[in-house]
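Undergrad: Compute the structure for the input listed below.
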Amino acid sequence: MNPQRRLRLFATVSHRLFRDGLLFQILHNEDIELVGESETGVETLQRLAAVRPGVLLIEENLKDNDGLTIAENALSLHPALSVLLISDTPVNSARMAIYLESGIKAVVSKQQSIQELIKTLFYIRSGQVYLGNWQSTRDRADDALTAYQALSGREREVARLMSQRVAVRDIAEELGVSCKTVHSYKDRIFVKLGFERLPELILFMQRHHQRALP
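TA: Numbering: from 1, shown residues only. Coordinates of the predicted model:
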């Protein structure tokens, strides 16, 4: 991507540990440039003009104020700014209406995935409103478990080996198939479970290990 088209991000998140973990994941994407970060709303408002972000990622509950108030103030000073609010809990329709009326472009719950957050950042960068998928995390996890149980025996075997970080070549050798066939299984598994990356599969398998996945 042209450097001038990179997403310029400012992150306002209260707790350093959570902010570091969040930014570590986000900045794996080379098309996102972090231009500033803060733990308070006051500091955020003071710094926005100097760093000129395109997107403000702001936590709902800050140490000195609430994210909604800071977002409204930021938008009054920088109308072109796209704001994504991180909520502690899923947001009902009444709260969502308030956020949208304030000019916030999207809300992501802490219960949603990092992939959903990154997708939302890119969607709102041009000023579009993104409502996203507010299906609960529990429902999505149950959907993935149901989908896993519907996999074929060979697909489950490949999923198990992949989650153990066994190389594709070694999986192919163990199962007596070609690497191309293993990649085909991998693609089908990811599509059926709704995953995009290997870490999602690994985490899923680890979380459900106690359920004795076959």
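Undergrad: which residues touch V182?
TA: Contacts for V182 (Cβ atoms under 8 Å, 6 or more residues apart in numbering) come out as V158, V168, I171, A172, L175. Placement of C-beta: from N, CA and C, glycine included.
Undergrad: Could you check how far K186 is from K192?
TA: Going from K186 to K192 by Cβ to Cβ, to the nearest Å gives 11 Å.
Undergrad: Ok, R207 next?
TA: Counting by Cβ to Cβ - R207 and K192 are separated by 17 Å.
Undergrad: More neighbours: which of the two?
TA: Of the pair R207 and K192, K192 is the one with more neighbours under other Cβ atoms under 10 Å, namely 16 against 13.
Undergrad: does the residue nearest to that one when sequence neighbours are not counted sit in a helix or strand, and which one?
TA: Once flanking residues are discounted, K192 sits nearest to A147: 5.1 Å by Cβ to Cβ, 6 or more residues apart in numbering. A147 belongs to helix 137-149 when elements are defined using DSSP states H and E.
Undergrad: count of residues packed around Q112?
TA: Neighbours around Q112, by other Cβ under 10 Å: 21.
Undergrad: got it, and P199?
TA: 12.
Undergrad: Low-confidence bits of this protein, can you list those?
TA: Within the chain, the ranges that satisfy pLDDT under 70 run 1-4, 94, 132-142, 209-214.
Undergrad: What segments of it are helices?
TA: In the chain, the helices defined using DSSP state H lie at 16-26, 41-51, 67-77, 93-102, 114-124, 137-149, 153-163, 168-175, 179-193, 198-207.
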